[in-house]
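[1] Whatever this is, show me its structure:
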Amino acid sequence: MYVTILLLAFFAFATLSNENDLVVNDDKAEDKNETISFDMPITACGVQIVKTPEEGFQNLPIRTDVPADPCTNFDSPIQNEERIQLLIPPSDLRNFRYGEVIPTFVCGDGLVSEVYVTLSFSDCPDEDWYALNAEDIKSALGSVDLKLNGPRHWLVNGIVNNNSSGANGFGKIQTFGTLQMGLAAQINAAISTNPYTENEVQRSTTYTFNPGNEIYKLVNAKGDEYIMQSYSRIVNPDLNIDDLPSLGSSLKLPDGWSFVVETLSADLEVIADGIAYVITDDLENTYQKIIE
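    The predicted structure is shown next:
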């Protein structure tokens, strides 16, 4: 199973400056990590130190110009292009349809997956979505893998992007077939194909669920809760929002897991502060971990 990522208020990476002008924010975020640099290091208790005649043993200056991971804010071979498609999303996203294209590229000794989403470009029409060919797109991009992740429907009511220039600096636009999409998230790995397994998704978003709406959770054996962010029609093309309350009887849950249905009495915000922990179920519905 592949994860939905989303993410996403991904429409927040592009804003309208007026009725006719579109401004795309594509500033790259810098991610710097502290590392220690020195000559002839000695390590004691996990701290690298050096001895000089004048000062004895002391901690060395810390460098801040080396990225923690060279694949963070990965820049794939996909080139940014001008936006030519625009669909302002509804104020309430619940049950709004979208799709994702997720290519995976080699980065150093590892892999990076990019998540492109139709949100704010179109409502992912059937005739355009099902005309996409994963192998053709994979070959054209030079990626090692590619997932057509849709169609999907949001269960969130609203999405706020917590970075002014897009989640972690994302904002690239690309056309797949006849559908334009925006880069909304990144995973520094190949996406897990196993249900009920966490994927760490790079994005900074707040998902809002309104009072009065039903929500659907998976609760694992440790008591961790994951709320459904979107339902999928990949495995079951006939699945719709009215089927979700009884979904638990259709899932092959791991031992100790449960499917929970609740009706909200107040607003619920689910925040991803740089990393979202996302899982799928057997039907490729996606859930984000609730972190208090």
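
[2] How far off centre is the lengthiest strand in the chain?
    Looking across the chain with DSSP state E, the single longest strand is strand 268-280. Remark: strand 268-280 is offset 9 Å from the chain centroid, using Cα atoms, centre = their mean, to the nearest Å.

[3] Starting from that strand, tell me which strands it pairs with and how they run.
    strand 199-209 (antiparallel), strand 286-289 (antiparallel) (DSSP bridges).

[4] where among those strands is the average confidence lowest?
    When those are compared on average pLDDT, strand 199-209 comes out lowest at a mean of 93.

[5] ok, then the element right after that strand?
    On the C-terminal side of strand 199-209, the closest following helix or strand by DSSP states H and E is strand 214-219.

[6] Show me what counts as buried in the helix or strand hosting Val115.
    Per DSSP H and E: Val115 is located in strand 110-117. By neighbour count on 16 or more other Cβ atoms under 10 Å, the buried set for strand 110-117 is 111-117. All C-beta atoms are positioned from the backbone trio N, CA, C, and that covers glycine.

[7] likewise stretch 284-292?
    284-290.

[8] and which of these is nearest to Glu198?
    Lys289 (7.3 Å; Cβ to Cβ).

[9] residues in contact with the closest one?
    198, 224-226, 276-279 (Cβ atoms under 8 Å, 6 or more residues apart in numbering).

[10] go on, Ile290?
    Contacts of Ile290 by Cβ under 8 Å, 6+ apart are 217, 224-227, 270.

[11] closest to Gly256 among the contacts of Lys289?
    Out of these, the member with the shortest distance to Gly256 (by Cβ to Cβ) is Asp224, at 11.0 Å.

[12] which residue sits closest to the closest one, ignoring its sequence neighbours?
    Take Asp224 and drop its neighbours on the chain: the residue closest to it by Cβ to Cβ, 6 or more residues apart in numbering is Lys289, 6.3 Å away.

[13] Likewise for Lys172?
    Nearest to Lys172 is Leu183, by Cβ to Cβ, 6+ apart, at 4.1 Å.

[14] Many thanks, have a good one.
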